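# what's the 3D shape of this:
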Amino acid sequence: MSQENVELVREGFEAFNRGDFDWLSRSHDPAIEWTTTAEDPDATTHRGPEAVRRYFEEWTGSFSGLHGELEECFEVSEDRVFVTARFTGRGTTSSIDMDWRLSLAYTLRDGRLIRVVEYFDRTEALAAVGLS
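Okay, the predicted model is just below:
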């Protein structure tokens, strides 16, 4: 199942990049929890597919041309996937070009996302999934 989980995460990035939030909502477990980076000014945990969808909509509304590119995506265990992705876009208010990396730790159950935690620090993210 783990390779299927990697493919699901890859498909999720493709859906995000094309703005297909319906696909994303369908891939989330009803009990999904998506935790933003601790450094985020609005750091929080979004609970449930609709809350995660609103988070994505707000995020894409803050950056024109927001695009996520997978740099690494691999299985950690049968139910865990680790990602580092580069995001680019232009601030809609500031008109400043943005370019940043996030590492994400995904937990999946029965082919659906159950938990995602974002990290700016890749080393911290690796440690969180039990890798050094």
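
# which other residues reach the helix or strand containing residue 98?
Here residue 98, judged by DSSP states H and E, is contained in strand 97-109. Applying Cβ atoms under 8 Å, 6 or more residues apart in numbering, the contact partners of strand 97-109 are 5, 8-9, 29, 37, 63, 71, 76, 79-91, 113-122, 124-126, 128-129. All C-beta spots, glycine's among them, are computed from the backbone N, C-alpha and C.

# What remains of those residues if I keep only buried residues?
For these, a burial check counting by 16 or more other Cβ atoms under 10 Å picks out 5, 8-9, 29, 37, 63, 76, 79-85, 87, 89, 113-119, 125-126, 129.

# out of these, which are inside helices?
Among the buried ones among the contacts of strand 97-109, the ones falling in helices (DSSP state H) are 5, 8-9, 125-126.

# between whichever strand or helix holds residue 58 and strand 97-109, how many degrees?
Assigned by DSSP H and E, residue 58 belongs to helix 49-62. Following axes from the mean of the first three to the mean of the last three Cα atoms, to 10 degrees, one obtains 170 degrees for the angle between helix 49-62 and strand 97-109.

# In terms of secondary structure, what does the least confident helix or strand in the chain by mean pLDDT contact?
Here the helix or strand of the chain ranked lowest by mean pLDDT, DSSP states H and E is helix 21-27, holding a mean of 85. Under the contact criterion of 3 or more Cβ pairs under 8 Å, 6 or more residues apart in numbering; DSSP states H and E, helix 21-27 touches helix 2-17, helix 49-62.
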